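**Student:** model this:
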Amino acid sequence: MRRGTTSVRRVLKSVVERGRRTTRGDTVFQRAFFVRVSCAPANPLPRWDRIDFDADGGRPGRVEDDEKADTLRTHVLSTKRREKNTPASQYYSMLTDTFGRHHDYLRVSLTERCNLRCLYCMPEDGIDLAPKDDLLTTEEIERLVKLFAREGGVRKVRLTGGEPTVRKDLVDIVERITKIDGIEHVAMTTNGIALKSKLDALKRSGLKSINVSLDSLVKAKFEFMTRRDGLEKVLNSIDEAVRIGIETVKVNVVVVRGQNDDELLDFVKFAKDKPVNVRFIEYMPFNGNKWETRKMVSYAEMFDTIQNRYPSIARIPDETKSEVGKNFQIDGFKGTVSFVTSMTNHFCGGCNRLRILADGNLKVCLFGNAEVSLRDAMRVDNATDDELKTIVEGAVKRKKAKHAGMENLAGMENRSMIRIGG
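**Tutor:** All right, here's what the predicted structure looks like:
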């Protein structure tokens, strides 16, 4: 088709699988390419990569600069959706699955390395880390986030690990992502060990919210669960984040029976005088973390324990249908408490999250073992953005309605948590 003369609303109707399936370790990479099929769209839109608008709203003119065109396209589509209250899925089919879930939240793992060795995250005998050259570069991360924002409507990006603060270009990555048109919120999940000294620079670069993983407030128990010292450093990082005005500070607590379930009320009190959200997370099965049903403390059990001590605990209405935590307020508390109920009360129906792993694999479900390599598409196949879009859309369209369930997940092959990203 001739560029600039046809509608962007041409529909991608049929899939042609070109190339091959290759198996590398436990991961299968699928490379497929769509064929554009002409059809008459209702209310056709012009090609956004070829037009601009006069300041007075007059007749559109031609645009040859790709970067300017990308910015225009994202702005126009965002504006149209706001004005008409139209679901994002109508404009951003790349990240809308077959169940109508639009994925506007992208989690990007920056590294597999970490300065802790948490029991539920890192297998006891360690892992074989990917060589540095196998990880996405700063430029590759920026390119993919731009693609997901422009073509998929991603609005929120969370940086994870491993431990993201061990990556030397962290501040640069945050600054680059913050400047991408369409990105409204940049967040990070961290263990807090090396966070305090970086907070000022991260805030200046545009970081808006932080989740700090902290599973015990007892020094000896913290060292047992993380196999490292550092509790005071983590607590100091949380206090500093609050002090300098990071918009949202959350504390993630993975509750494991027999290890830290006796600290539930201590963590609730942590939110009494601090404007933080303490999130109790059900223990989830991943490779090497020796998950057992009896080790998992359910949402119902945790809630009963807290309610018996704090009868005023009350549910806060969810802001969106994709809300992960069940959020609660307690009378007289500056902070809040939440429960992430992945095992006993899953929230798959409202899932809006996708993951890009440190080695460049796209993972559409935290608990699924299907992955596709965007790194190889860029480096080996020299894929264009259109070809990357096709690969991503195919993966998203294969996403299942929900995960396999608690008992089945325990027997499934999946990565360890440190290699997925929190």
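**Student:** which residue is the nearest non-sequential neighbour of residue 273?
**Tutor:** When the adjacent residues along the chain are set aside, residue 273 lies closest to residue 334, with 5.9 Å between them (Cβ to Cβ, 6 or more residues apart in numbering). From N, CA and C alone the C-beta is placed, and that goes for glycine too.
**Student:** is it true that that neighbour lies in a helix?
**Tutor:** No: with the criterion set as DSSP: H, G, I helix; E, B strand; the rest coil, the secondary structure at residue 334 is coil rather than a helix.
**Student:** list the residues that contact it.
**Tutor:** Taking Cβ atoms under 8 Å, 6 or more residues apart in numbering, we find residue 334 in contact with 271-275.
**Student:** put the buried members of the residues you listed into a PyMOL selection.
**Tutor:** Selecting only the buried entries of the contacts of residue 334 in PyMOL, with 16 or more other Cβ atoms under 10 Å as the criterion:
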select buried, resi 271+274
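**Student:** list just the nearest of the contacts of residue 334 to residue 341.
**Tutor:** Closest to residue 341 out of the contacts of residue 334 is residue 271 (18.5 Å), distances taken as Cβ to Cβ.
**Student:** so what touches stretch 226-246?
**Tutor:** Under the contact criterion Cβ under 8 Å, 6+ apart, stretch 226-246 has outside partners 115-119, 122, 190-196, 199-200, 203, 207-210, 212, 214-217, 219, 222-223, 249, 251, 274-276.
**Student:** now that stretch: mean pLDDT?
**Tutor:** Per-residue pLDDT values over stretch 226-246 give a mean of 95.
**Student:** mind listing what's buried in it?
**Tutor:** Burial within stretch 226-246, assessed by neighbour count using 16+ other Cβ under 10 Å, is assigned to 226, 230-231, 234-235, 237-238, 240-242, 246.
**Student:** narrow those to those in helices?
**Tutor:** With helices identified by DSSP state H, the entries of the buried residues of stretch 226-246 that belong to them are 226, 231, 234-235, 237-238, 240-242.
**Student:** the strands in the stretch 201-350 of the chain, which residues?
**Tutor:** 209-213, 248-255, 277-282, 314-315, 325-329, 336-340 (DSSP state E, counting those that start in this stretch).
**Student:** can you show me the CA trace of the third one as PDB?
**Tutor:** Extracted in PDB, the C-alpha atoms of strand 277-282 (Å, rounded to 0.1, in the frame of the first residue of the first chain):
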ATOM      1  CA  ASN A 277       0.300   1.700  52.600                       C
ATOM      2  CA  VAL A 278       1.300  -1.600  54.100                       C
ATOM      3  CA  ARG A 279       0.400  -4.400  51.700                       C
ATOM      4  CA  PHE A 280       0.100  -8.000  52.900                       C
ATOM      5  CA  ILE A 281       0.800 -10.400  50.100                       C
ATOM      6  CA  GLU A 282      -0.200 -14.000  50.000                       C
END
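**Student:** name the strands paired with it and say parallel or antiparallel.
**Tutor:** Paired with strand 277-282 in the same sheet, following DSSP bridges, are strand 248-255 (parallel), strand 336-340 (parallel).
**Student:** format these as a markdown table; extra columns: mean neighbour count and distance to residue 348.
**Tutor:** Formatted as a markdown table, the strands paired with strand 277-282 follow (neighbours: other Cβ atoms under 10 Å; distance: least, Cβ to Cβ, whole Å):
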| stretch | mean neighbour count | distance to residue 348 |
| --- | --- | --- |
| strand 248-255 | 22 | 20 |
| strand 336-340 | 23 | 13 |
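**Student:** could I get the ones you listed as JSON lines with distance to residue 183?
**Tutor:** Below are those laid out as JSON lines (distance: least, Cβ to Cβ, whole Å):
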{"stretch": "strand 248-255", "distance to residue 183": "16"}
{"stretch": "strand 336-340", "distance to residue 183": "24"}
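**Student:** and residue 140, what does it touch?
**Tutor:** Going by Cβ under 8 Å, 6+ apart, the list of residues near residue 140 reads 360, 375, 378.
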